[in-house]
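J.: Sequence and predicted structure are below.
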Amino acid sequence: RKEVEQDPGPFNVPEGATVAFNCTYSNSASQSFFWYRQDCRKEPKLLMSVYSSGNEDGRFTAQLNRASQYISLLIRDSKLSDSATYLCAVDNSGTYKYIFGTGTRLKVLA
Amino acid sequence: GAVVSQHPSWVICKSGTSVKIECRSLDFQATTMFWYRQFPKQSLMLMATSNEGSKATYEQGVEKDKFLINHASLTLSTLTVTSAHPEDSSFYICSARGRTGPGTDTQYFGPGTRLTVL
């Protein structure tokens, strides 16, 4: 079993839709969690950190479920510009050595 | 915001040659730099962790003699792919960890270097 797993997609959604991605992790001692966005042939860019209590940044909401060992990302009112690959990252040891999932590809359709 | 640069952004080389990739933190001192590799449609895989003034620590399965890392200063780390072969063709991305302000110890990614070995 991979340490961090994501559904590769693609998720094809119409503009304005709400879409959610999950990311499961295997190490129950994992300390920090992040969502990154990666555009084609570009580096990943931090979208948001995931806090225990859940957090929201505009149209994006991230949640952590430690009991079931997954994090989620919810995107509301999808825009064409949200089309990208969304990577989750987990820091197991607090050393910033991130383990990334393979990413979930999102296509927002006009 | 904090910026990490990489040079070159892309490189094409012949099999057997060595390629050096630079990673610089432009407006902060990086206590640690990380080197990742990403093959097409795959995840970023951590190759090694580089601390200024000390030897890099490599992840399991990464050959330290093939991927030479030098962290000469708090703003510069280099990765040299020695005797490159076509299977080394990949997207190499560095990240730098450092403080860019009070309570902002975080990690910033460089734009990546696309290596193609013919």
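T.: Nice, thanks for sending it over. Residues are numbered from 1 along each chain as shown, chains lettered A, B, ... in the order given.
J.: Please count neighbours and contacts with C-alpha atoms only from this point.
T.: Will do.
J.: wait, what's in contact with residue 72?
T.: Reading this off chain A. Going by C-alpha atoms under 8 Å, 6 or more residues apart in numbering or on different chains, A:Ser72 touches A:Ala20, A:Phe21, A:Asn22, A:Cys23, A:Ala62, A:Gln63, A:Leu64.
J.: nope, chain B please
T.: With contact set as C-alpha under 8 Å, 6+ apart, B:Ala72 has these partners: B:Glu52, B:Gly53.
J.: any idea how far the residue in chain A that chain B sits nearest to lies from A:Phe11?
T.: Going by C-alpha to the nearest C-alpha, chain B is nearest to A:Thr102 of chain A, at 4.1 Å. Applying C-alpha to C-alpha, to the nearest Å, the value for A:Thr102 to A:Phe11 is 14 Å.
J.: For the two, indicate the residue with more neighbours.
T.: A:Thr102 (23 against 17; other C-alpha atoms under 10 Å in any protein chain shown).
J.: Drop anything exposed from the contacts of A:Ser72.
T.: Neighbour counting with 16 or more other C-alpha atoms under 10 Å in any protein chain shown marks A:Phe21, A:Asn22, A:Cys23, A:Ala62, A:Gln63, A:Leu64 as buried within these.
J.: nearest spatial neighbour of the second one, skipping sequence neighbours?
T.: Translated: A:Asn22. A:Ser72 (4.4 Å; C-alpha to C-alpha, 6 or more residues apart in numbering or on different chains).
J.: and what of the last one?
T.: Closest residue in space to A:Leu64, ignoring its immediate chain neighbours: A:Ile71 at 4.4 Å, by C-alpha to C-alpha, 6+ apart.
J.: and stretch A:90-108, how far apart are its ends?
T.: 26 Å.
J.: can you list the residues of chain B near chain A?
T.: Counting by C-alpha under 8 Å from any C-alpha of the partner chain, the residues of chain B lying close to chain A are B:34, B:41-46, B:49, B:93, B:97, B:107, B:109-112.
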